[in-house]
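> Coordinates only, no sequence provided:
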Ligand code: SF4
Ligand code: SF4
């Protein structure tokens, strides 16, 4: 009791100072107002991804990355769109990157299926709003969720400007066939939020991402964005790299290469 | 003093029984939701908040509106409100209780609600909202109860409530401002991301809350031995008229910015709410009912008809419903449409969801009726 209370007061004070100080600092340091960047918030490692659209769009109907991720993470296959759980999925190009297409771009390009996932923002609104600190950003930039702490208020879903978060409207295990469960990864319960976590469980063991490994076109690249020699940075050189709604200051760590 | 709630007419007990039945129905519906999950509601990955959170938002406004009687009475010494200030304070109590229950029934994991206190996050407006609402609830219970007990004992209220009453004034503003910040600080939700969300909330609150008070005064006069006085109602009507006019004006401001600037994201939600862009069968009907009722009510409030009791009651009822439709449904749901990928999803509250919401309302009304019964009992005794 006492310990928790003391801890409560301490965190309260700490965070209060951080919020007040942070707001004041942000308000005063106007010259930096247009740089949301990861470089500022992450001096060390910062995991990120690049999606090579030219390679990915070559195979319209391919869902290898989605299948691998959803199988490995026990993501239920819910057919009803309203209640679907998606960690990585596809939608039309013009919806994913609405600012890039125009009225003259060929319809096929506009509607082409484009990969989506959590952007692991440098300045994630989902984390800012969570009332239970059930979701947070790790030092290395990966935004994770504690399934046991989440109270299911869905404030983070309202705050994420990318629609990256899914909610378990009912028991997800009902939609998971026994033989389809990967025992090494936990299943979830109803009433909590989930999303892509950049395979933290694998990254921490030095393994690569499931989606990246599954892509035969090598269209997905993962690595340390702050390391100029990393694979992901190498892929970005000489290409146009786009981020979703970067004007919102969220600092997405997923880049789309054209 | 509580015995006043235990002696009542047949009508009083019938009312309590009816409310009891609705509460039970709501509780049963909630049992189902608890077992099956929020899949039983009309919510979806696109529209992830709906009826519950919208009711919460609306009711914070009703709770905050106590300030419209407390402030003139205590700060400007406006004696006319002497008899109804306590009603305003007591209206705030069930409103906040309903707010908190609506948040609870919206949670996917309600048994974990204490995580908000165990792992407090000062950067979350929801944390702050819980804190200010809880405090406001305590303030109003203490103030209301102390004042009415003093009347019961025919003594003057103790001096220490005065500072609490003064504190409750800015506090009332704060609860609705923080609730507005809950929305107004989210990037990418353009219907909400506007600096006048807070102002809009206060304007709509100061029209719907007093509207409810006028109705309650009318009922009190007819059904109980306590008459708050017609002058008080007329003064409330003035507040309602100005607050509601401001509310309408603010909506006009939203339209101007969205449509003159021509920014698609700014226009989309409004266009959806007001003329069904993307899905004609959607919320448009509610919006237009809200508009019709609002303008009808304004017509009455600005004409001599307002002096007639029946017209006034009709007008405030219309205002209450109009704001309820706009804020207790449209504003929250509309903010999710279109969703971040520009899909237009349809949201329709389900039967289960509606029963639960009705149950929470009934519980709030029950508390309200009991508090008002006590007050009018004490007052009627004093008037004798
Ligand atoms: S994409 Fe959404 S869920 Fe992912 S970090 Fe950014 S705001 Fe959070
Ligand atoms: S749903 Fe869970 S993760 Fe999201 S804001 Fe609420 S508690 Fe945090």
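The structure has been received and is ready for your questions. Small disclaimer: the values here were computed from a predicted structure and weren't measured. Ligands and ions are numbered 1, 2, ... in the order given.
> Residue numbers of chain A in contact with ligand 2?
Residues of chain A lying close to ligand 2 (C-beta under 6 Å from any ligand atom) are A:129-130, A:132, A:134-135, A:145, A:150-156, A:193. For glycine as for every other residue, the C-beta is placed from the backbone atoms N, C-alpha and C.
> hmm, try it at 8 Å
Within chain A, the positions near ligand 2 by C-beta under 8 Å from any ligand atom are A:126, A:129-135, A:145-146, A:149-157, A:159, A:165, A:167, A:192-193.
> Report the buried members of those residues.
For the residues of chain A next to ligand 2, a neighbour count by 16 or more other C-beta atoms under 10 Å in any protein chain shown gives the buried set as A:126, A:129-135, A:145, A:149-157, A:159, A:165, A:167, A:192-193.
> got any ranges where the chain has weak pLDDT?
Let's take chain A. A:1-40 (pLDDT under 70).
> look at chain B instead
Looking at chain B by pLDDT under 70, you get B:280-281, B:383-384.
> Tell me how far residue A:75 lies from chain B.
13 Å (C-beta to the nearest C-beta, to the nearest Å).
> residue in the stretch 151-258 of chain A nearest to ligand 1?
Per C-beta to the nearest ligand atom, residue A:160 is where the stretch 151-258 of chain A lies closest to ligand 1, at 3.2 Å.
> dump the residue contacts of that residue.
Counting by C-beta atoms under 8 Å, 6 or more residues apart in numbering or on different chains, residue A:160 touches A:124-126, B:340.
> Let me see the contact set for residue A:114.
For residue A:114, the contact set (C-beta under 8 Å, 6+ apart) comprises A:51, A:53, A:56-57, A:90-93, A:96-97, A:256.
> of all the residues you listed, which two lie farthest apart?
A:51 and A:92 (14.8 Å; C-beta to C-beta).
> rewinding a little: now the contacts of residue A:160 in TSV, with distance to ligand 1 and secondary structure?
Formatted as TSV, the contacts of residue A:160 follow (distance: C-beta to the nearest ligand atom, whole Å; DSSP: H, G, I helix; E, B strand; the rest coil):
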residue	distance to ligand 1	secondary structure
A:124	4	coil
A:125	5	helix
A:126	3	helix
B:340	9	coil
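> farthest-separated two in those residues?
Farthest pair in the contacts of residue A:160 (C-beta to C-beta) is A:124 and B:340. Separation: 14.1 Å.
> Helices of chain A, start to end?
A:2-28, A:38-41, A:53-56, A:64-72, A:93-96, A:107-111, A:125-129, A:155-159, A:200-203, A:210-214, A:231-236 (DSSP state H).
> what's in contact with the third one?
Put plainly, it is helix A:53-56. For helix A:53-56, the surrounding residues in contact (C-beta under 8 Å, 6+ apart) are A:62, A:93, A:114-115, A:215, A:217-220, A:256-258.
> try 7 Å
A:114-115, A:217-219, A:256-258 (C-beta atoms under 7 Å, 6 or more residues apart in numbering or on different chains).
> From those residues, pick the one nearest residue A:73.
The closest of these, once distances to residue A:73 are taken by C-beta to C-beta, is residue A:115, at 16.0 Å.
> For that closest one, the count of nearby residues, please.
24 (other C-beta atoms under 10 Å in any protein chain shown).
> Report the contact partners of it.
Contacts of residue A:115 (C-beta under 7 Å, 6+ apart): A:51, A:56, A:65, A:88, A:90.
> got the contact list for the most centrally placed residue in chain A?
Centroid-nearest residue in chain A: residue A:118, 1.9 Å away (criterion: C-alpha atoms, centre = their mean). Counting by C-beta under 7 Å, 6+ apart, residue A:118 touches A:143, A:164, A:195-196.
> next one: residue B:358
So residue B:358 contacts B:22, B:26 (C-beta under 7 Å, 6+ apart).
> which SSE is it in?
helix B:351-383 (DSSP states H and E).
> Identify each buried residue in that helix, please.
So for helix B:351-383, counting by 16+ other C-beta under 10 Å, buried means B:352-357, B:359-379.
> mind checking how far it is from the chain centre?
14 Å (C-alpha atoms, centre = their mean, to the nearest Å).
> follow-up on the earlier one: okay, residue A:51 and residue A:92: which has more neighbours?
Per other C-beta under 10 Å, whichever of residue A:51 and residue A:92 has more neighbours is residue A:51, with 24 against 16.
> need the contact list for the more buried one.
A:115, A:219-220, A:254, A:256-257.
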